[in-house]
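A.B. asks: Output the structure for:
(one chain, ligands or ions: 1)
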Amino acid sequence: MNNQDLLQVANEYGAPVYVYDAEKIISQYERLTTAFGKVKHLKINYAVKALSNISVLKLLNKLGSGLDTVSLQEVQLGLRAGFSPGDIIFTPNGVSLEEIEEVSALGVQINIDNLSILEQFGAKHPNVPVCIRINPHVMAGGNTNISVGHIDSKFGISIHQIPHLLRIVENTKMHINGIHMHTGSDILDIEVFLYASEILFDTAKQFENLDFIDFGSGFKVPYKEGDIETNIEELGKKLSKRFNEFCKEYGKDLSLAFEPGKFLVSEAGCFLAKVNVVKQTTSTVFAGVDSGFNHLIRPMLYGAHHDIVNISNPGGRDRFYSVVGYICETDTFANNRRIAEINEGDVLCFKNAGAYCFTMASNYNSRFRPAEVLWYNGQSHLIRKRETFEDLVRNQVEVDLNTVKQQTTQLEEENIAVK
Ligand SMILES: *Cc1c(COP(=O)(O)O)cnc(C)c1O
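C.D. replies: So this is what the prediction gives:
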């Protein structure tokens, strides 16, 4: 997918538009499975919340991936894309027992992350195997030192609560078939990740009938030149070796599961927006695009960096720009960014726009959410139409305020009549 391909997409489908390169998703998936090639049963469960378009899910299904989901609706999207319930894991946080039961009834693997729901679910459904999400309280603090933290995290069951957890399992006679952690923190420091894994192995020993251990995600990808990324190959070598040793100790070939989102789709995505206006002020030059944090919120929400390339003038002389959106609020994509000279009408490409970009888009300022395009086998495929005005008003119920007033009066009259 080169600049010409992207320009063609912008021409054909209009801007703003998200474009995803299937090739990149495939190569990232293969990189991960190759790195863990020595593990007998490897399971990759793609985290749907990163990018949930059904055609992207279909691609991952074709590759042999499973799904990691956090809502009933994500499960339904997965089923619609052709996944079987057995290839889906449900890892919610703070959802109701009713929703968990509804998902479980579909045949999806349940992952529970608090003792209250575990006890209630176990008491009602002792025969349904359940995975438990552990909080190992480990996070990277500096380069090689390991600090204990995340004590305030709302995710997972603390390792300090394992005695209570074991009592619940014993009392309800429920079956724990998996142990899971997803700290969300970077796996940049592989030693820290391996340390957390040891805690998971220790916990796993307390359960006799496990089928899998799920190491969550936390894989980091580069967002700009010089960024460090998770060394998947080294992690694969070290964790596979340790995992295989553990399986011997445990006496069973367990599955090793991961649930990457960002790693699989972030770099595959480009967001294309057109420059509406180049505005010189006393202190800077703004490039205002036909988009905003309604379409790509990560810079405003997390201070995230997205490289920006002027694909209409890639050979142009570099100049400094503040790239901003059209939302009537501070809406900055990039400050003082060196970009090839921008003219009004140029198309800018925002890199790393595959993960947590479209899925976080909104209709703020009553704008349409953009179209999505999958670049597959050298061709563009529209996988989501741009919204229309119809979409904005679809669920709105227009109340005729004049009629309401009359009815109220009528009601009052009736009340008086009853009295
Ligand atoms: C969000 C999430 C992931 C994916 O995280 P990435 O950083 O995108 O890889 C995996 N597991 C769970 C439980 C999640 O909530």
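A.B. asks: next helix or strand past the helix or strand bottoming out on mean pLDDT in the chain?
C.D. replies: Of all regular secondary-structure elements in the chain, judged by mean pLDDT, DSSP states H and E, the least confident is strand 146-148 with a mean of 47. Per DSSP states H and E, the first helix or strand lying C-terminal to strand 146-148 is strand 157-158.
A.B. asks: any idea of the mean pLDDT in that following strand?
C.D. replies: Averaged across strand 157-158, pLDDT comes to 92.
A.B. asks: can you list the residues that contact it?
C.D. replies: 112-115, 118, 132-135, 137, 151, 165 (Cβ atoms under 8 Å, 6 or more residues apart in numbering). From N, CA and C alone the C-beta is placed, and that goes for glycine too.
A.B. asks: contacting residues around the nearest residue to residue 164 once chain neighbours are set aside?
C.D. replies: With Cβ to Cβ, 6 or more residues apart in numbering as the criterion, residue 164 has its nearest non-adjacent residue at 6.1 Å, and that residue is residue 115. If a contact means Cβ under 8 Å, 6+ apart, then residue 115 has 157, 161, 164-165, 168 as its contacts.
A.B. asks: And for residue 112, nearest residue in space, chain neighbours not counted?
C.D. replies: Going by Cβ to Cβ, 6+ apart, residue 112 has residue 118 as its nearest residue, at 4.8 Å.
A.B. asks: tell me the domain ranges of the chain?
C.D. replies: Taking automatic domain parsing as the criterion, the chain consists of the domains 36-260, 269-393.
A.B. asks: Reformat these into a markdown table and put distance to residue 25 next to each item.
C.D. replies: Formatted as a markdown table, those follow (distance: least, Cβ to Cβ, whole Å):
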| stretch | distance to residue 25 |
| --- | --- |
| domain 36-260 | 6 |
| domain 269-393 | 8 |
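A.B. asks: Lowest mean pLDDT across those domains, which one is that?
C.D. replies: Set side by side, those differ in mean pLDDT, and domain 36-260 is lowest with a mean of 92.
A.B. asks: Whether it contacts the ligand - can you check?
C.D. replies: Yes: Domain 36-260 comes into contact with the ligand (Cβ under 6 Å from any ligand atom), by way of 47, 49-50, 68, 70, 91, 182, 216-219, 259-260.
A.B. asks: number of nearby residues for the residue of the stretch 151-300 of the chain found nearest the ligand?
C.D. replies: Distance from the ligand to each residue of the stretch 151-300 of the chain (Cβ to the nearest ligand atom) is smallest for residue 261, at 2.7 Å. A total of 22 residues lie near residue 261 under the criterion other Cβ atoms under 10 Å.
A.B. asks: now residue 18
C.D. replies: There are 28 residues near residue 18, going by other Cβ under 10 Å.
A.B. asks: How about the secondary structure of it?
C.D. replies: Three states are possible here, and by DSSP: H, G, I helix; E, B strand; the rest coil the one that applies to residue 18 is strand.
A.B. asks: begin at 16 from here
C.D. replies: With 16 as the first residue, the last one maps to residue 33.
A.B. asks: Would you confirm that it contacts residue 280?
C.D. replies: No: here residue 33 does not reach residue 280: they are 10.9 Å apart, not a contact under Cβ atoms under 8 Å.
A.B. asks: Now do the same contact list for residue 89.
C.D. replies: Residue 89 is in contact with 63-64, 67, 82, counting by Cβ under 8 Å, 6+ apart.
A.B. asks: quick check, nearest of those residues to the ligand?
C.D. replies: When those are compared for distance to the ligand (Cβ to the nearest ligand atom), residue 64 wins out at 5.4 Å.
A.B. asks: how would you label the closest one: helix, strand or coil?
C.D. replies: Residue 64 falls in the helix class when you classify it by three-state DSSP.
A.B. asks: Please apply the same query to residue 264.
C.D. replies: Classification of residue 264 using three-state DSSP returns helix.
A.B. asks: ok, for it, nearest residue in space, not its chain neighbours?
C.D. replies: The spatial neighbour of residue 264 that comes closest, neighbours along the chain excluded (Cβ to Cβ, 6+ apart), is residue 220 at 7.8 Å.
A.B. asks: try residue 205
C.D. replies: Looking at residue 205 with Cβ to Cβ, 6+ apart, the closest residue is residue 250, at 5.2 Å.
A.B. asks: burial of that neighbour, as a residue count?
C.D. replies: Residue 250 is flanked by 21 other residues according to other Cβ under 10 Å.
A.B. asks: before we move on, which element is it in?
C.D. replies: With secondary structure defined by DSSP H and E, residue 250 is part of helix 247-265.
A.B. asks: which residues are contacting that helix?
C.D. replies: Contacting residues not belonging to helix 247-265 are listed as 46-47, 49-55, 202, 205, 208-209, 212, 216, 219-220, 225, 228, 230, 234, 268-269, 271, 278 [Cβ under 8 Å, 6+ apart].
A.B. asks: That helix: how far from the chain's middle?
C.D. replies: Helix 247-265 has its average C-alpha position 26 Å from the chain's average C-alpha position, going by Cα atoms, centre = their mean, to the nearest Å.
A.B. asks: buried residues in it?
C.D. replies: When burial is assessed from 16 or more other Cβ atoms under 10 Å, helix 247-265 yields the following buried residues: 247, 250-251, 253-255, 258, 261-262, 265.
A.B. asks: before we move on, what about stretch 334-345?
C.D. replies: Applying 16+ other Cβ under 10 Å to stretch 334-345 flags 336-342 as buried.
A.B. asks: And for stretch 99-118?
C.D. replies: Here stretch 99-118 shows 100, 102-107, 110, 115, 118 as buried, counting by 16+ other Cβ under 10 Å.
A.B. asks: And these, which is closest to residue 415?
C.D. replies: Distances from the buried residues of stretch 99-118 to residue 415 were compared by Cβ to Cβ; the smallest belongs to residue 110, at 37.5 Å.
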